[in-house]
Structure formats: structure tokens, C-alpha cells
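next comes the sequence, and after it the predicted model I'd like to discuss.
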Amino acid sequence: MRHIIILMFTLLKLTYGCQAQDDELNGLLVKLPVAKEDTSKIKLLLQIQDQYLDADNDSALYYNKTAEVLINKLHAKIFRYQCYHAFVKIYHAKFDNENAVHYCLKAIDVAAKNKDDFQRANSFRALFSLYFNLGKKDSAIKYSAYAMELTEKIRDTNNIATMYGNLCRIYNELELHDKAVEFGKKGIELGERYKDYKGMLISMNNLGNSYIGTDNNAALKIFERQLIAGKQHKRIRSVSNALINLGIIYYNLGDAGNVDRIAKLMKEMESQFDEADLSGTSYRFLIYGHDHTLHGRYAQAEENYLSGLKIAQNDTITGPMQNLFLALSALKYAQQDFAAGSIYDTRWDSLNESMRKKEMAEYAMDLEAKYQTERKEAKISLQAAQLKQQSIINYILFIGVASLLIISILLFINYRNKQKLQQQHIKKLETQQQLTATEAVLKGEEQERSRIAKDLHDGLGGMLSGIKYSFSNMKGNLVMTPENAQAFERSMDMLDSSIREMRRVAHNMMPEALVKFGLDTALKDFCNDINQTGALKVSYQSFGMEDAVMEQTTAITIYRIVQELINNTMKHADARTAVVQVTKTGNRISITTEDDGKGFDTAILNQAKGIGWSNIQNRVDFLKADLDVRSDKDKGTSVHIELNI
């Protein structure tokens, strides 16, 4: 009785909470049509977006985009970080990790300009999760370290639980389960202590996953807690994850009663789940199928399994596919349909090796082909046996013709393979020759630049400075009219300008900082020089470049690429700001430039005949680097280059 009263109280509390939230949203929407085009409207739009987040992601995205337009129009920089970080949360909820990463990097840039460590730590945490979802574990681990360092530095009790939850996830992936459990428990403890319910739920989910397969009872306790807490704090994704994990574990334990309970809860909450979460949808069909299986309703079970499998296969979601193949295999064996059960077993094995939709399709085709081949071979064997009885000579002749045909085919295939290898070898030699020629041209160009820069600086620069010194000495010994004195001063100013221009040209031809202090300092100086001109605001960021060691030719080539890219931005992009980011991880260097300009159709690069882009492409080929250019109209341009040093 006591449990029933507590449950009723909780349901009433949640009902009144939802009603209060709806009233608050309606109140904000009423104010919007009469709001003035000022910062108060930006605040209102961001509040509306926040109310829609988790409940209606499409509406949240619409109001946040509207806020972004008004922020740009009013140059309201104070709201930029909040807006960009909201985009990260919305796109993450919509499973659009690439757009989420794009806005997360923009948010980090804004946080750096604001010198706000809280904002930076927040975005580093988000970037960790996004890179982890994209399978880039090295980047995820790097940004988790940045986030943890900043979070502890600023003593951010609102997010420390999330960090421990993330660490639990990483160590579980690395199969260091003891450390994963330790961090997961710490995350739950700190989440409850500081009322960071999001971080607490993340830690619960990751801790439960760490227990799966080693201590199912512990996993069940954690996921049951996650289910209750997720409902209480209206974290629908956490509720979905808890239900799926509970359903799978209870099914594996053969607990029909609890599987039935979980399936009913899923049905009741189906309208609240995110339609974009196709993985969750596939898993829910799996649980519905498990419920029917444990109650002997095999036809309904198969129908649900196949529905979930169709969704998973259409979007190549491998996790649900593996579970559904196993479930269908067990179902078919229970129905004593051993042939079908064996087929699903085989498909599970293939998926476990390939983990790709294309390979799954090829595997299914291979099964069909194998079946047809076996039928043909059986038929041929039967015919051969009959023919053997009739004429042993015809049989030998048949074998001889078949052998000759096979040998001919093998010889033809061998000939074609040799031709392909020769063509590949020729292409390789041509490519090597082109790279050698490019290397010679680039080295010759840089040597000539260096020589001319030295001649300008040491020769012409010294002469001009000597002339200025001589003129300065002459001035004291001459008697001039006021008009002549004024003309003399103008000449001296022109001489100073000539000396400065000569030094600027010499510096552009061969930056002194590059030779003396390395690539990182040279790029930083270049960006600062651009900023001082006022033509473009360039933000320079580097990670791991402090101790970077590379050949001078490589450093000069990278410098020239960045120089040409920024020059192109100033000439053609109509951009206000740009970002240059250089990162060194091990022996791998990545260079990224982004701008907020008008963008362009990247297809024109294939027909580009301009010297600037040709220089960039030649230098990228010389470095044997990977180049990726992305640009959309009115959304700016992003160029990413990666190479080994």
C-alpha cells in the first residue's frame, strides 16, 4: 500500500510539472509576435528554444536559427555562445553529429574570445561525446582530457558528474572494466550530491553497460534506477536507453514477467520517443519481439523482429541488427525450423565480421548464389553418373573440355591481372615523376624567394638605410627655405615608406620567424599581421605544436598553403572572420581553415585554372596530404588538410 501511495504521488507531481512547463511555454509564445527587434527578443527566442529542447527538436531548431539571424543582425556577441551551444544540443539530439561538431568548434572559438573557462569546458565535454559517436576515439580521449582539466580547475560541480560518466564510457570501450565501474559510481555519487541529474543519468547508463556480461544483477539495479530517475527528470533518451537495456537483460535471464512489464512501458511512452532515433526504434521492436517469444506468441514475435530488422538494415545500424539476427535464430530453433535458424546464425556471424550494410547485402547474395551452385552441382553429378553408365569416353571428354575451359579462363585472368599491375606501376612512376618535378619546382621557388628576400633585406635595405642616414646628416649642414625643408621632409617620409615596403615584401617572400622560431610562431605572426590590417579577423589555434619538429621544406610548404588560403578568403569570400587551426597528434598534422564568407560551389575547383588554387593543390600533392574542401552558399568555407611528418 505504501508503494502505491508513493507511485500515485510521483505521477501527480509529474503531471502538474508538465502542465506548468506547458503554461510557461505558451506564455513565452504569446510575447513573441509583439516583441521588439532588440536583445530582449533574442532572450525570448532562446528561452522558447530551451523549452522545446528534448520535447520537439525541430521547433527548437527553428527558434534557435531565428535567434542566430537576429544575433548577427544586431551584432549581439554576448549571446553567440549560448546560441551555438544550443545548436550543438539540438543537432546531437537529432543524431546529426557532423553539424553538431561544426557548431561546437564555433562555440569553442567564441568561448576562447570571451576568455570563459566554463564555456570552454562545456564545449570540450560536448566535443568529446560527438567525436566518440563518430568513432574518432583518439580525438574523443584528447578532448575529454581537456574537459576534465578545465572542469577541475574551475571546480564546476554542475558538470563534474558528466565528466566521470564520460570516463566510464571510455574505459569500458577500452575493456578496462574495473576503472569504468570506479568512474561510473563516482559520477552517480557526484550527480546526486550536486543535483546534476543529466550527469547522473549519463553515469548510470555507462555504469550499467560496464556491468553487462559480468554482473547482470548489478546492471539491472542500475538500469531500474535510471528508468525511475529518467522519468522524474524528463530525460526521454535516458528512459529509452534504460528500457532497452532492461528488456534485453531480462530476456537473456528468461524473466518473462519483467520483459512484459518493460514492453508495456515502452508502448505507453512510444509517442514521447524521438522519431529520429532509429536505433532506439529498432531496439524497441526487439523488446516487443522478446515479450511475444517468452509467451509463446511466435508469429507476433517474428513480425516485430523483422520490423526492427528492416529499420536497422535500411540505415545500417549494426547494434540492433546483431541482436535481431540472434533473436530470429533462437526463434526459428524454438519452432524447430533448423534451416532458417542456421541462416540467421550465419548472417549474425557475417555481420560480426563486416559491420557494414554493403557487406551484409553481398553476404546475402553469396548465400543465394551458394544455394543455386549447390543445386547445379547436384544436378551435374546426377547427369554425370548417368552418362558414366552410358559412356566413359563421353565423361572423360567432358572433364577434358571443362578443364581446358578453366585453364583458359585462369590464363586470361592472369593476363588481365598482369596488365593491370603494369598499368598501376606506370601510373605510380608517372605520379612519382610529377611529385619529383613539383618538389624541385617548390624547392627552387623557395630558394629563389630566400635569395631575393636576403638581397632585398641585406642589400637594398642596407642601401636605403644608408641613404636615409646620409640625408639626415646633410640636413644639419644645409640652409633651406621653408618650402625646400618641407619637400625634404616629404622625401624622407617617402624613403621611410620605401624601407618599410621593402621589408614587408622580404618578409612575405621568406618569413624570418619561420626560419628562426618554427611553423607555429610564423603562422601566429601571419594571422596577427592580417588582423592588424583590419581586412579580416583571423583567429589562430594550435594544439601540440610547441615541440613539433619537421623539415624546413615541409614547414615552408604548410605556411604557403595557409597563406594562400587566407589570401583567397580576403579576395573572394567577403568574410568578416576566419579560423586557422593546426593540430599535431603523434606524427600526424591537421590544418583547418574556416571562414564565414559567402561560400562557393566546390565543383568549380575541378576546372579551376587560377594560379592560387593550382599552387595550393601542387603543395598538397607534394606533401602527400589529404585535402577536403566544404562550402555552402552563405555558410562559409572549410578546408581541412591532413599529412604525416
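Received the coordinates, thanks.

for residue 229, which residues are in contact?
Residues near residue 229 by C-beta atoms under 8 Å, 6 or more residues apart in numbering: 197, 200, 201, 204, 235, 238. Placement of C-beta: from N, CA and C, glycine included.

nope, residue 223 is what I was after
Contacts of residue 223 (C-beta under 8 Å, 6+ apart): 204, 208, 242, 245, 246, 249.

so which strand or helix has residue 548?
When elements are assigned from DSSP states H and E, residue 548 belongs to no helix and no strand.

follow-up on the earlier one: which of the contacts of residue 229 are buried?
Neighbour-count burial (16 or more other C-beta atoms under 10 Å) applied to those gives 197, 200, 201, 204, 235, 238.

rewinding a little: can I get the contacts of residue 223 in CSV including secondary structure and distance to residue 95?
Formatted as CSV, the contacts of residue 223 follow (DSSP: H, G, I helix; E, B strand; the rest coil; distance: C-beta to C-beta, whole Å):
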residue, secondary structure, distance to residue 95
204, helix, 21
208, helix, 21
242, helix, 19
245, helix, 19
246, helix, 22
249, helix, 25
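
follow-up on the earlier one: I'd like the contacts of residue 229 written out as a markdown table, with secondary structure, distance to residue 136 and pLDDT added.
A markdown table is the format used below for these (DSSP: H, G, I helix; E, B strand; the rest coil; distance: C-beta to C-beta, whole Å; pLDDT from 0 to 100):
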| residue | secondary structure | distance to residue 136 | pLDDT |
| --- | --- | --- | --- |
| 197 | helix | 28 | 89 |
| 200 | helix | 26 | 92 |
| 201 | helix | 24 | 92 |
| 204 | helix | 25 | 94 |
| 235 | coil | 26 | 89 |
| 238 | helix | 24 | 90 |
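
list just the nearest of the residues you listed to residue 25.
Set against residue 25, the nearest of those by C-beta to C-beta is residue 235 (18.0 Å).

ok, that closest one to residue 36 distance?
Per C-beta to C-beta, to the nearest Å, residue 235 is found 35 Å from residue 36.

what does residue 177 give?
Relative to residue 36, and taking C-beta to C-beta, residue 177 is found at 57 Å.

what about those two, which has more around it?
For residue 177 versus residue 36, neighbours defined as other C-beta atoms under 10 Å are more numerous around residue 177 (16 against 7).

point out where the protein drops to low pLDDT.
Confidence mapping of the chain against pLDDT under 70 gives the ranges 1-21, 354-391, 428-480, 485, 487, 492, 495-510, 608-612.

domain parsing of it, as residue ranges.
1-27, 35-141, 371-431, 516-644 (automatic domain parsing).

nearest to residue 227, out of those domains?
Per C-beta to C-beta, nearest to residue 227 of these: domain 1-27, 12.5 Å.

list the helices and strands the helix or strand that residue 70 is a member of packs on?
Using DSSP H and E, residue 70 sits within helix 57-74. Other helices and strands packing on helix 57-74, by 3 or more C-beta pairs under 8 Å, 6 or more residues apart in numbering; DSSP states H and E, are helix 39-52, helix 80-93.

please redo it, this time with the cut-off set to 10 Å
Contacts defined by 3 or more C-beta pairs under 10 Å, 6 or more residues apart in numbering; DSSP states H and E place helix 57-74 against helix 2-31, helix 39-52, helix 80-93, helix 97-114.

take the third one, keep the C-alpha atoms, and write them as CSV.
Put plainly, it is helix 80-93. What follows is helix 80-93 as a C-alpha-only set of coordinates in CSV (Å, rounded to 0.1, in the frame of the first residue of the first chain):
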residue,chain,number,x,y,z
ARG,A,80,26.7,33.9,-29.6
TYR,A,81,28.0,31.2,-27.3
GLN,A,82,24.5,30.3,-25.9
CYS,A,83,23.1,30.1,-29.4
TYR,A,84,26.0,28.0,-30.8
HIS,A,85,25.9,25.6,-27.8
ALA,A,86,22.1,25.2,-28.2
PHE,A,87,22.7,24.2,-31.9
VAL,A,88,25.1,21.5,-30.5
LYS,A,89,22.5,20.1,-28.2
ILE,A,90,19.8,20.2,-30.9
TYR,A,91,21.8,18.5,-33.6
HIS,A,92,23.1,15.9,-31.2
ALA,A,93,19.5,15.1,-30.2
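
that one versus helix 39-52: what angle between them?
20 degrees (axes from the mean of the first three to the mean of the last three C-alpha atoms, to 10 degrees).

quick one: helix 80-93 to chain centroid distance?
Centroid separation between helix 80-93 and its chain, computed with C-alpha atoms, centre = their mean, to the nearest Å, is 15 Å.
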